[in-house]
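Q: Just need the structure, nothing else, for what follows:
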Amino acid sequence: MITYFDGKFVDDAEAVISVRSRALNYGLGCFGGIRGYVSADGAQLHVFRVADHVTRLMHSARVLHMRLPGSHAEVCGIVTELLRRNEVRHDVYVRPLVLNGSTKLAPVMREEDSLFTVYCLPLQRYMDKDAIDVCVSSWRRATDNAIPARTKATGLYLNSALARREAHDNGFDEAIFLTEYGKVSEGSAEHVFIVRDGVLYTPPSTEDNLDGITRRSLITLATEDLGYKVVERVIGRTELYVSDELFLCGTGAQIQPVRTVDRRTIGDGAIGPVTRRLQEHFNAVVRGAVEHRRGWLTPVWT
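A: Okay, the predicted model is just below:
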């Protein structure tokens, strides 16, 4: 495999960082997650909303006193060039990271210490179940005034790892975080949507969660293409229990239906009609089968 590392495309084994680095010792960095999908006819690989992902990564870097190595267009080009060099002709996940490469001791953020790398790996399903069982975590989502979730900071994922481990230890597939004041935030690495009486509800990104690109895409598809009403508002824990449908979403998870929350069955326990319709439409969009949404797709092969 070929990886982009600190200005060069290198063999994956050469993309190494010092054990002394601030990125490793203190979790100083931020990252993105980008998906590529093979087209319906198998002839093309489309990168989904790469420009939006790079914009968010640049914003994250700015908040954390870091920087990317070039212009927006140049970084987008690195992503597509990486896929070409790896001859990727399957569904793929791309991970760009901005890391603090300094080997000095103190946990200090400086733009000049930024190191940029991008790697990719094959990815089909993030979770291997059609519908999952989740719990509300006893861990709270870190607040924006502590570690800003909108930056997709590497160090923040200790918070996610603790919640997911707790969920797995108790027989669940995933966890849902509450904010410090007890309202629904997000999953360990996904956003939350509930459906009640045909209306979709989702917490806004000000509820200490990531400004999700998949989430924003689904809001657009649901309202503009499928005619659903979407309401962004604060959601209470018990609203999860009485929802007609519930699903998580994200770049990795895509649209992941939820069967139970805290051992309470959602609806009749099956994938609901709104969730199913969104799944089918989203899959058609990312594979280039919906003409008016092809602007979201960047072809790799010319």
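
Q: For the stretch 101-250 of the chain, just list every one of the helices.
A: Using DSSP state H, counting those that start in this stretch, the helices found in the stretch 101-250 of the chain span residues 157-169, 213-220, 237-241.

Q: contacts for the first one?
A: Just to be clear, that refers to helix 157-169. If you take C-beta atoms under 8 Å, 6 or more residues apart in numbering as the criterion, helix 157-169 is touched by 27, 134-135, 137-139, 141-142, 147, 173-175, 177, 188-189. C-betas here are computed from N, CA, C, even on glycine.

Q: Of those residues, select the buried ones using a PyMOL command.
A: Burial among those is assessed by 16 or more other C-beta atoms under 10 Å; the matching PyMOL selection reads:
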select buried, resi 27+134+135+137+139+141+142+147+173+174+175+177+188+189
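
Q: Nearest to Tyr4 among the contacts of helix 157-169?
A: Of all those, Gly27 has the smallest distance to Tyr4: 21.4 Å, by C-beta to C-beta.

Q: There's contact between Ile235 and Lys183 in this structure, I believe.
A: Yes: between Ile235 and Lys183 there is a contact at 6.4 Å, judged by C-beta atoms under 8 Å.

Q: shared neighbours, these two?
A: The contact sets of Ile235 and Lys183 overlap at Pro203 (C-beta under 8 Å, 6+ apart).

Q: Pick the most deeply packed of the helices of the stretch 101-250 of the chain.
A: Per residue and on average, the most neighbours among the helices of the stretch 101-250 of the chain fall to helix 213-220, with a mean of 20 (mean count of other C-beta atoms under 10 Å).

Q: so what secondary structure elements neighbour that helix?
A: helix 50-63, strand 191-196, strand 199-202, strand 245-250, helix 273-286 (3 or more C-beta pairs under 8 Å, 6 or more residues apart in numbering; DSSP states H and E).

Q: How far does that helix sit from its chain's centre?
A: Going by C-alpha atoms, centre = their mean, to the nearest Å, the spacing between the C-alpha centre of helix 213-220 and its chain's C-alpha centre is 11 Å.

Q: hmm, back to that, ok, which of the helices and strands packed on helix 213-220 comes nearest Gln44?
A: helix 273-286 (11.8 Å).

Q: For Leu68, see how far away the residue nearest to Trp301 when sequence neighbours are not counted is.
A: Once flanking residues are discounted, Trp301 sits nearest to Gln44: 5.8 Å by C-beta to C-beta, 6 or more residues apart in numbering. Here Gln44 is placed at a distance of 27 Å from Leu68 (C-beta to C-beta, to the nearest Å).
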